[in-house]
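Student: structure, please.
(one chain, ligands or ions: 1)
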Amino acid sequence: MRKIFRTKIPDFLKVNYEEWGREYKEKRNEDKRFKFYWHSKYEDIIDLLALMTNDHCSFCDGFELGAQSRKTIEHFRPKSVFPLLAYDWYNLFLSCDACQSAKRENFEEGLLKPDVDGYSFSRYFIMNYDGSIDINKKASLEDQKRAEITIRLYKLNRIELKKSRKSQLKYFIKCNDLEINDMPYRFMFE
Ligand SMILES: [Zn+2]
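Tutor: Purely as a prediction, here's the structure:
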């Protein structure tokens with residue numbers, strides 16, 4: 001998970017997100033099967049989110065989305081539990097569908113949010129040559145706990161990811177003039 005610099009809230013969300021959130025909460029209270037919808041703004045939102053991450057998944061940094069894994073919008077705090085945040089710009093992230101299906105509607109306080117001040121990969125995690133990510137044992141106990149929650153909820157050591165990161169590491173070591181934004185898992189090389 002790499003640091004993300006959040007861009008300004010788009011006007012159409014600034015004006016509407018509270019009302020849309022309240023409406024979603026009410027409709028859901030009336031009928032649990034009420035289907036969430038994006039008020040025809042899905043494409044606009046996902047494009048703006050993709051600009052922030054250069055089209056990489058916000059959690060595993062997978063790239064190129066669309067080729068191997070579908071891109072989708074992830075609610076950091078799940079909309080089933082936090083319906084008022086369902087359209088909150090600061091709760092929305094570009095995600096691959098693998099990270100999204102790993103996390104589902106789960107959430108624990110302490111889960112790391114990549115767009116907050118003070119977040120960096122190396123503060124919380126270390127990278128192993130086998131492609132796995134570990135908790136940074138030099139971090140404070142609280143930070144270690146947060147790293148543990150984050151790896152577990154997004155399944156950041158799932159087998160396909162470990163394999164894929166390992167082969168990218170090998171590739172990176174072989175070539176020396178790669179453009180970092182064209183590669184997945186950018187935190188490994190920084
Ligand atoms: Zn992902």
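
Student: going by C-alpha atoms from here, please, whenever you check contacts or count neighbours.
Tutor: Fine.

Student: strands along the protein, start to end?
Tutor: 71-75, 92-96, 125-127, 133-135 (DSSP state E).

Student: pick the most buried one from the ones you listed.
Tutor: Per residue and on average, the most neighbours among these fall to strand 92-96, with a mean of 26 (mean count of other C-alpha atoms under 10 Å).

Student: does the ion sit close to that strand?
Tutor: Yes - Strand 92-96 reaches the ion (C-alpha under 5 Å from the ion) through Cys96.

Student: okay, angle between that strand and strand 71-75 too, please.
Tutor: On the basis of axes from the mean of the first three to the mean of the last three C-alpha atoms, to 10 degrees, strand 92-96 is oriented at 140 degrees to strand 71-75.

Student: what's strand 92-96 in contact with?
Tutor: 46, 49-50, 53, 55-59, 62, 65, 69-76 (C-alpha atoms under 8 Å, 6 or more residues apart in numbering).

Student: could you find the closest non-adjacent residue to Phe178?
Tutor: Actually, residue 178 is Leu. It isn't Phe. Phe172 (7.6 Å; C-alpha to C-alpha, 6 or more residues apart in numbering).

Student: please list the residues of the protein that sit near the ion.
Tutor: 57, 60, 96, 99.

Student: what residues sit buried inside the least confident helix or strand in the chain by mean pLDDT?
Tutor: Using mean pLDDT, DSSP states H and E, the weakest-scoring helix or strand in the chain turns out to be helix 159-174, at a mean of 91. Neighbour-count burial for helix 159-174 flags 161-162, 165-166, 168-169, 172 (criterion: 16 or more other C-alpha atoms under 10 Å).

Student: give me the outermost residue of this structure relative to its centroid.
Tutor: Ranking residues of the chain by C-alpha distance from their mean position (C-alpha atoms, centre = their mean) puts Glu30 at the top, at 30.2 Å.

Student: quick one: the closest residue in space to Glu74 that isn't next to it in sequence and the ion, what's the gap?
Tutor: Of all residues not flanking Glu74 in the chain, Phe93 sits nearest, at 5.1 Å (C-alpha to C-alpha, 6+ apart). Counting by C-alpha to the ion, to the nearest Å, the gap from Phe93 to the ion is 11 Å.
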